[in-house]
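>>> sharing a sequence plus its predicted fold:
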Amino acid sequence: MKNKDELEVKYPNIAKTVIILIFILGGVFLAGNLIVFYYKYTSASSENNYDLRKKVDYLTYQYVNYFKNVSKYDVADFQSYINDSAIGDIFLLKDDNKNGYKIAASSKKRMINQDFEDKSCGNIFTHNFQKDYFWAKILPENTAQVCMFVPVGEYILGLKTKVDHRITGTHDEYFFEWLVNNMALTVLLSLFGVIIALAICIFYAVKYIKEKFEYNTLKINSSEQLAELGEKLYIDPMTGLFNKSALIRDVSSYKNPKVVLIDIDDFGRMNDYYGKFACDQILVKMADLISEFAKNENMKAYCIEADRFALVEDSESFIDRYEDMVADLIDVFKGHMLSVTDEDGKDIEGIEIHSTIGFALDNDQTLRKATIALKTAKELDKDYVCYFKGLNQKDEYAAQIERSKLIQYATINNNIVPYYQPIVDGKKSIIKYECLIRILDRGDVISPNTFLDISKRIKRYADLEKQLIKKCFDELMAKDDLMLSINLSGRDMVDGDVSALVLNLLNKNNIASRVVFEIVEDEELKNVERVSNFIERVKSMGAKIAIDDFGSGYSNFSYIIKIKPDYVKIDGSIIKDIDINKDSYSIASAIVAFAKDLGIKTIAEYVHSKEIFEICKEIGIDEFQGFYIGVPKDRVL
């Protein structure tokens, strides 16, 4: 360890610091005062300056001349004169025979007939007025306070005023007085500032040196403790294994990283059931098993989440090694039984542990790829999955982003449009049209299989459906003889916005009798009560109901009986091969017979040939739809 002498050599002592500060502040003090002196001196000096005594003589004798030669010693007249033309303070004094003077006239009227007691003009009271009295005091800002008293007959005439005065240089008789008056305050203030600054600097210098000394002493004495503390930042406190920060650090530094992730299945549910106290013990025991396994495989073990561990190495080994290793891991953990105690000290025995493993061997983004592999293994209910290129969901997500932008642009710019596919009777006369959703995008017509599922995932489906419904109702309002079939899913019927829009449009416009709602099956159809309430309301307004894709999905006969639709559309998977498949023929015939018994009309979709059309007519289907009848178009015929 370095000793105190070494530290004192490294950092200057206080005495040296103070000396340096004194020199610096002294230089600042001197420079500052010289600058102020130069500024004031150049402002005050003038080669053409008149003698101060002569200036005052001139001013004073103006009044002396008037008193003697103009007013002829008339005090009243002189008083009147100085009332209007006094420069400064004018006094006309007369000896009171008591070693003092009475004021006979003055520019300050209130002082007339009073004793003259002004002591601001030097030693005037001891002056022998056999000659003129002159007194001057240099003031700051290039001015001077002057007094001049002149005997005039039995009177003394005095002038007291301030006059502009500049010095003629350093040889001027008033230079020293000017210097004291103009620089004294500056010097005192700057000296005070320097002393304060020096005191502050010394205080902080002492404090800094002391703290620096203490810091370095602590740093030297604690180097091992700091290193240990730094290592703890990369340790999981519960398990004692390296944590996620350590994993990221190590993987980024490895040339050929190999990452194996082990996730405890259903750990959240275990936590809820057994409690945190017991599950913490499970984690510790699992960590011990993984740590032991890592030692045997010459790998590093990590605990990166509450229920997730990792094994990592820097190796050029091939996949065979890791498949064998993962198989060994599965043997260790699959169905592994653990015993722990609860908070009350009671034994909990026979806790069965299962795990899922994902691993990646690529040198780039290894941890991310191992995470993808683990997620895939969980989704597929596999014991383990190794990452390969096909697992990368990045391209799929990029495609989703593009479709999301398409949907957003379409909803903002009103590019959701209905396409109309005709539905005919047995004579091929058009009865109505089914409205099919499309998106117009820069001249292209986008079909729903491109965007419909994504719209549900990004919660934009309701926006699309509302735009479509509004445009369908606009078309109905424009054509009095038009009948339209509009698709509604269970989601639409229980969604407050969509269902409210439908009910509002039906209520506002007298067109319900020309609207058929095709009920498209989805998970929300299981919410029978809410769906039934919606269906009853639209039927009460005059709209008709069709069950779409009957014969597939959730379709059942009890559901038909409950909602009592006006139409049943037989699923296209039955109709499309009815001409060659006996089972399809039999199912379609049974549906038709059942519907006729209940007074429900049937519609065949996917009628793509004349043969299928004729067979559908033969078994008694009422209406027909498909490419043989007509393709979807952007307008009705």
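Nice, thanks for sending it over.

>>> so how far is Arg514 from Asp444?
Distance, Asp444 to Arg514, using C-beta to C-beta, to the nearest Å: 31 Å. C-beta: built from backbone N, CA, C; applies to glycine.

>>> and Gly268, by the same measure?
Taking C-beta to C-beta, one finds Gly268 at 53 Å from Arg514.

>>> same deal with Asn123?
With distances taken as C-beta to C-beta, Asn123 is found 124 Å from Arg514.

>>> neighbour-wise, which of these two wins?
Arg514 (18 against 9; other C-beta atoms under 10 Å).

>>> for the spatially closest residue to the more buried one that is not a sequence neighbour, give its distance to Ser404.
Spatially, and ignoring its direct neighbours in sequence, Arg514 is nearest to Met483 (4.6 Å; C-beta to C-beta, 6 or more residues apart in numbering). Going from Met483 to Ser404 by C-beta to C-beta gives 35 Å.

>>> likewise for Cys201?
Cys201 is 63 Å from Ser404, by C-beta to C-beta.

>>> tell me, how many residues neighbour Ser589?
By the measure other C-beta under 10 Å, the count of residues near Ser589 is 16.

>>> what's the pLDDT at Phe37?
Predicted confidence (pLDDT) for Phe37: 68.

>>> any idea where the helices of the stretch 101-250 of the chain begin and end?
175-221, 223-232, 244-253 (DSSP state H, counting those that start in this stretch).

>>> can I get those in TSV including mean neighbour count, mean pLDDT and distance to Asp272?
Shown next, in TSV, are these (neighbours: other C-beta atoms under 10 Å; pLDDT from 0 to 100; distance: least, C-beta to C-beta, whole Å):
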stretch	mean neighbour count	mean pLDDT	distance to Asp272
helix 175-221	14	75	47
helix 223-232	10	64	31
helix 244-253	16	90	24
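
>>> now for the ones you listed, which one comes closest to Tyr155?
Of all the helices of the stretch 101-250 of the chain, it is helix 175-221 that lies closest to Tyr155, at 31.2 Å by C-beta to C-beta.

>>> show me how far that closest one is from its chain's centre.
With C-alpha atoms, centre = their mean, to the nearest Å as the basis, helix 175-221 stands 44 Å off its chain's centre.

>>> now stretch 451-470
30 Å.

>>> give me the contact list for that stretch.
By C-beta atoms under 8 Å, 6 or more residues apart in numbering, the residues outside stretch 451-470 that reach it are 400, 403-404, 406-408, 410-411, 414, 416-418, 435, 437, 439, 486, 491-492, 495, 497-498, 501-502, 505.

>>> same deal with stretch 601-608?
Residues from elsewhere that reach stretch 601-608 (C-beta under 8 Å, 6+ apart): 423, 546, 549, 566-573, 575-576, 588, 591-592, 595-596, 612-613, 616, 620-629.

>>> wait, a helix at Val340?
No: checked against DSSP: H, G, I helix; E, B strand; the rest coil, Val340 lies outside a helix; its state is strand.

>>> mind pulling up the pLDDT for the nearest residue to it once chain neighbours are set aside?
Excluding its sequence neighbours, the residue lying closest to Val340 (C-beta to C-beta, 6+ apart) is Gln281, at 4.0 Å. On pLDDT, Gln281 comes in at 90.

>>> list the residues that contact Asp492.
Counted by C-beta under 8 Å, 6+ apart, Asp492 has contacts 462, 465, 498-499, 502.

>>> okay if I get those as CSV plus secondary structure and pLDDT?
Below are those laid out as CSV (DSSP: H, G, I helix; E, B strand; the rest coil; pLDDT from 0 to 100):
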residue, secondary structure, pLDDT
Ala462, helix, 88
Glu465, helix, 92
Val498, helix, 90
Ser499, helix, 90
Val502, helix, 93
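
>>> let's have those residues in CSV, adding neighbour count.
Output for these, formatted as CSV (neighbours: other C-beta atoms under 10 Å):
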residue, neighbour count
Ala462, 17
Glu465, 25
Val498, 21
Ser499, 19
Val502, 25
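
>>> ok, the residues you listed vs Asn97, which is closest?
Out of these, the member with the shortest distance to Asn97 (by C-beta to C-beta) is Ala462, at 117.3 Å.

>>> looking at the protein, which helix or strand is least sure?
Lowest by mean pLDDT, DSSP states H and E among the helices and strands of the chain is helix 4-10, with a mean of 47.

>>> count of neighbours near Thr126?
Using other C-beta under 10 Å, Thr126 is surrounded by 6 other residues.

>>> same check on Leu488?
Considering only other C-beta under 10 Å, Leu488 is surrounded by 24 other residues.

>>> figure out how far the helix or strand Gln467 falls within is from the centre of its chain.
Using DSSP states H and E, Gln467 maps to helix 461-478. Distance of helix 461-478 from the chain centroid (C-alpha atoms, centre = their mean) equals 38 Å.

>>> which outside residues touch whichever helix or strand comes after that helix?
Moving toward the C-terminus from helix 461-478, the next helix or strand (DSSP H and E) is strand 484-489. Here strand 484-489 makes contact (C-beta under 8 Å, 6+ apart) with 420, 423, 432-437, 468-469, 472, 475-476, 498, 502, 514-522, 524, 546, 548.

>>> could I have strand 484-489 exported to PDB, CA atoms only?
The C-alpha trace of strand 484-489 is given here as PDB (Å, rounded to 0.1, in the frame of the first residue of the first chain):
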ATOM      1  CA  LEU A 484     -77.800  -5.900 -49.600                       C
ATOM      2  CA  SER A 485     -76.400  -8.700 -47.500                       C
ATOM      3  CA  ILE A 486     -73.900  -7.400 -44.900                       C
ATOM      4  CA  ASN A 487     -71.500  -9.700 -43.000                       C
ATOM      5  CA  LEU A 488     -71.500  -9.300 -39.200                       C
ATOM      6  CA  SER A 489     -69.300 -11.400 -36.900                       C
END
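
>>> hang on, the earlier thing: a markdown table for the helices of the stretch 101-250 of the chain, including distance to Leu380?
Shown next, in a markdown table, are the helices of the stretch 101-250 of the chain (distance: least, C-beta to C-beta, whole Å):
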| stretch | distance to Leu380 |
| --- | --- |
| helix 175-221 | 54 |
| helix 223-232 | 38 |
| helix 244-253 | 25 |
